[in-house]
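A.B. asks: Just the structure for this:
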Amino acid sequence: MQNSWQEHILKEFIPQVNRLTLVADPDYLVTEEIILQKLRERGFDILLFEDPVAFRFAYESKYRSKWDNGDSIELVVVVHEEATNLHLLPYDIFQTDRKLSFSLGDIFPNLSYSVIKALDRGDLEPLYQAYLQYTPGKLGDNATKDFLLSRVFDLNAEFIRQPADLLRVLLRRHYRDQQIPKILDLRFIQVLHQYGRFEDWPLETIIQNRETFFSFLQERWPIFLKHITLNEDQIIRETRTTYTLKYSGPPNIPFDNEDVRVYIDTLFLDGLLHPVPFPQASKPSQQWITVGVRLNPEVDRMRRLERLIRSVEAAIPIDDARYQDWFAFAHRWSELTVLWYEANVQKQSALEQLFFSVQKKLDTTFQSWIMKRYSALHNLPPTPPVMLHHIAHDIAQYIQTASKEKVALITMDGLASDQWIVLREVLSQQVLDLKFRENMVFAWLPTITSVSRQSIFAGKPPLYYPESIFNTNKEATLWTQFWNDKGVSQVEVVYKKGLGEETSLSEIEEVLSHPKIRVVGFIIDKVDKIVHGMELGTAGIHNQVRQWATQGFLIGLLNLLLQSRFDIFITSDHGNIEARGCGQVSEGAIVDLRGVRARVYSDTVLRAQVQKRFPDAIAWPPFGLPENFLPLLAPNRSAFISEGKRVVGHGGISIDELIVPYVQVRRETK
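C.D. replies: Numbers count the residues shown, from 1 in each chain. Below is the predicted model of the structure:
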């Protein structure tokens with residue numbers, strides 16, 4: 001008996017047996033995060049077969065030529081098709097002797113295949129353990145859904161009887177941003193209705209939509225605060241009050257229930273709920289509510305800041321965390337970063353020492369995780385997207401599954417996640433009914449524009465555009481070609497860059513008015529210009545980004561797109577950090593790309609010569625990059641400039657540079 005579902009697959013890969021193995025992988029099992037890591041540790045390279053031309057280029061340049069030179073590289077070619085479709089591979093490759101096939105049906109033969117294939121691959125391990133423990137007989141669709149809800153997601157509708165029960169499971173889910181397939185959500189709602197419970201609650205939205213759930217709680221928090229100050233007679237009269245609420249459901253919900261209250265403090269600290277004025281709480285009798293009450297803005301900010309720093313420190317993911325854990329943490333870190341640079345913290349104070357000690361701990365842990373796990377990320381399934389080159393595929397899938405006609409991707413060049421929070425606050429004030437579905441993705445290393453931004457528009461790793469790796473001149477062509485391959489004609493695709501000023505809105509309006517336009521790719525470079533001209537550090541960037549946002553270009557662009565019935569997605573090619581110089585590099589003409597946080601060389605010997613002067617610098621392997629594209633990354637939060645000089649830059653390994661926002665913008669329907 002295997003201890004994990006991954007062992008079903010890994011046991012088939014024994015090093016030094018075959019230099020080429022073909023794998024039929026219709027359920028994206030071999031490209032799961034842990035399996036990719038283990039295969040690499042065993043010495044296997046992974047190459048996906050998606051586009052025949054791109055595949056042939058990678059196969060010939062990275063493997064065939066090296067085999068001809070006697071290198072003993074072991075390659076696994078993965079086709080996300082049934083075994084009967086392995087013949088789609090080029091004939092010379094298809095002739096290899098070793099062919100394997102893996103599917104969910106092989107691992108979970110008693111469960112409904114149509115149901116379990118909707119699961120995120122990260123949920124397969126708890127499913128496997130439950131499958132071993134409970135050994136279910138043959139289950140149909142609904143029985144499989146109930147098994148998953150109960151045994152994998154701890155959602156058993158039978159035991160959810162009171163509002164506090166429902167709130168507890170939804171708080172646990174949405175705080176962790178746990179993704180549950182829609183077919184399971186619908187089954188969960190169906191069973192709740194069968195029990196005749198929560199008929200007046202907006203279950204379809206608060207269960208499936210994280211942002212709506214927190215908005216639902218937010219508008220009921222002031223009602224709860226008022227309620228706890230009333231005596232028994234007033235409470236009876238208060239229950240007869242008719243409230244005008246945006247979201248249906250009971251106005252009074254039990255925030256003070258023990259199972260609910262345990263989450264409330266953290267929700268306010270993390271910015272998922274926002275404090276409200278409450279005059280009666282100048283000296284609140286219940287101390288725990290003060291986190292959600294606006295009393296003294298400066299005192300509130302400093303109190304929240306210290307508690308959030310300690311909370312963030314405790315939440316830094318462990319060494320063997322999954323990428324989803326880092327995405328969730330990045331949200332919290334971004335909130336803390338914004339709050340930190342808004343606060344007037346005294347220099348050399350205990351709080352300042354605490355913040356920077358947490359930042360140093362974070363940098364060390366994150367870099368260690370990246371060195372171990374990053375190489376496998378670009379081969380993960382593109383939906384949900386994990387890296388920037390997955391985004392175009394995710395949007396294409398969205399068009400197909402949601403039956404959408406027009407989509408727009410806005411790339412905010414150089415926008416870090418904390419700067420997105422600043423933008424979001426301004427946008428939310430300008431248009432009250434805007435909603436943001438926020439996710440994260442990894443940028444490409446090195447985190448520079450020519451590498452990372454091109455991957456967005458190419459829909460491919462940088463390996464596949466070596467000729468333009470040092471510039472962005474081919475982005476429009478790559479963007480159009482991607483959509484041509486998806487069946488969208490050239491006249492239906494738009495690409496425009498250099499945007500960010502209000503004067504360009506009329507030009508954009510004219511472009512959007514063309515009746516054939518279906519897919520739009522816009523690049524806004526205003527934030528990148530702010531970053532590269534900034535001498536006042538991160539606080540200065542926040543101020544200038546906020547000022548730019550209030551001028552109206554971005555909200556004007558969003559309004560134009562929404563009025564033209566475009567579904568909108570926003571992302572960034574990389575973030576940025578405030579760094580200090582570790583020394584100027586003087587290598588003359590031997591460097592191919594000069595950056596403050598990353599230098600790129602075409603020869604390992606040349607790179608090694610420079611690294612001798614900077615022994616802590618990171619010689620980054622060309623994962624997903626052209627073979628002769630060899631980055632040298634500045635260590636920690638340092639930069640290749642004069643010692644001690646401060647600069648805001650990008651290119652290296654930090655959570656602020658490498659994890660960027662991926663946001664869907666919509667206007668809330670009434």
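A.B. asks: Roughly how far does residue 114 sit from residue 80?
C.D. replies: 17 Å (Cβ to Cβ, to the nearest Å). Backbone N, C-alpha and C define where each C-beta goes, glycine included.
A.B. asks: More neighbours: which of these two?
C.D. replies: Neighbour count, other Cβ atoms under 10 Å: between residue 114 and residue 80, residue 80 has more, with 18 against 10.
A.B. asks: what's the closest non-adjacent residue to the more buried one?
C.D. replies: residue 25 (5.6 Å; Cβ to Cβ, 6 or more residues apart in numbering).
A.B. asks: for the one you found, what are its contacts?
C.D. replies: Contacts for residue 25 (Cβ atoms under 8 Å, 6 or more residues apart in numbering) come out as 31, 78, 79, 80, 101, 102.
A.B. asks: Which residues does the third one form beta bridges with?
C.D. replies: Beta-bridge partners for residue 79, by DSSP bridges, are residue 24.
A.B. asks: what residue is smack in the middle of this protein?
C.D. replies: residue 440 (1.7 Å; Cα atoms, centre = their mean).
A.B. asks: picking that back up, which pair in the contacts of residue 25 has the greatest spatial separation?
C.D. replies: 31 and 101 (14.3 Å; Cβ to Cβ).
A.B. asks: higher neighbour count, these two?
C.D. replies: A direct count of neighbours by other Cβ under 10 Å for residue 31 and residue 101 places residue 31 higher, at 21 against 16.
A.B. asks: Just confirm the more buried one is within a strand.
C.D. replies: No. According to DSSP: H, G, I helix; E, B strand; the rest coil, residue 31 belongs to no strand; its state is coil.
A.B. asks: and the gap between it and residue 94?
C.D. replies: 20 Å.
A.B. asks: Likewise for residue 167?
C.D. replies: For residue 167 relative to residue 94 (Cβ to Cβ), the value is 55 Å.
A.B. asks: Of those two, which one has the most company?
C.D. replies: Using other Cβ under 10 Å as the criterion, residue 167 and residue 94 rank with residue 167 on top: 22 against 13.
A.B. asks: what about the more buried one, helix or strand, and which?
C.D. replies: Per DSSP states H and E: residue 167 is located in helix 163-175.
A.B. asks: Would you mind pulling the contact partners of that helix?
C.D. replies: In contact with helix 163-175 (Cβ under 8 Å, 6+ apart) are residues 153-155, 159-160, 178, 180, 198, 201, 206-207, 210, 213-214, 250, 253-254, 257, 259-260, 263, 266-267, 272.
A.B. asks: Next, count neighbours for residue 317.
C.D. replies: There are 19 residues near residue 317, going by other Cβ under 10 Å.
A.B. asks: one step back: which residues does the residue nearest to the centre of the chain contact?
C.D. replies: Residues near residue 440 by Cβ under 8 Å, 6+ apart: 326, 327, 330, 331, 417, 659, 660, 661, 662.
A.B. asks: How many residues are close by the fifth one?
C.D. replies: Spelled out, it's residue 417. 24.
A.B. asks: just the fourth one next, same as before
C.D. replies: A count of nearby residues for residue 331, using other Cβ under 10 Å, gives 20.
A.B. asks: returning to what we had before: for the helix or strand following the helix holding residue 167, what is the average pLDDT?
C.D. replies: For helix 163-175, the following helix or strand on the C-terminal side (DSSP H and E) is helix 182-194. Helix 182-194 carries an average pLDDT of 96.
A.B. asks: Give me the angle between helix 182-194 and helix 163-175.
C.D. replies: 170 degrees (axes from the mean of the first three to the mean of the last three Cα atoms, to 10 degrees).
A.B. asks: Give me the contacts around the very next helix or strand once past helix 182-194.
C.D. replies: Note on helix 182-194: by DSSP H and E, the next helix or strand toward the C-terminus is helix 203-208. Helix 203-208 has contacts (Cβ under 8 Å, 6+ apart) with 170, 182, 185, 188, 189, 192, 193, 212, 213, 216, 247, 249.
A.B. asks: okay, among the residues you listed, which ones form the most distant pair?
C.D. replies: Top of the distance list for the contacts of helix 203-208 (Cβ to Cβ): 182 and 249, 21.0 Å.
A.B. asks: Great, nothing more from me.
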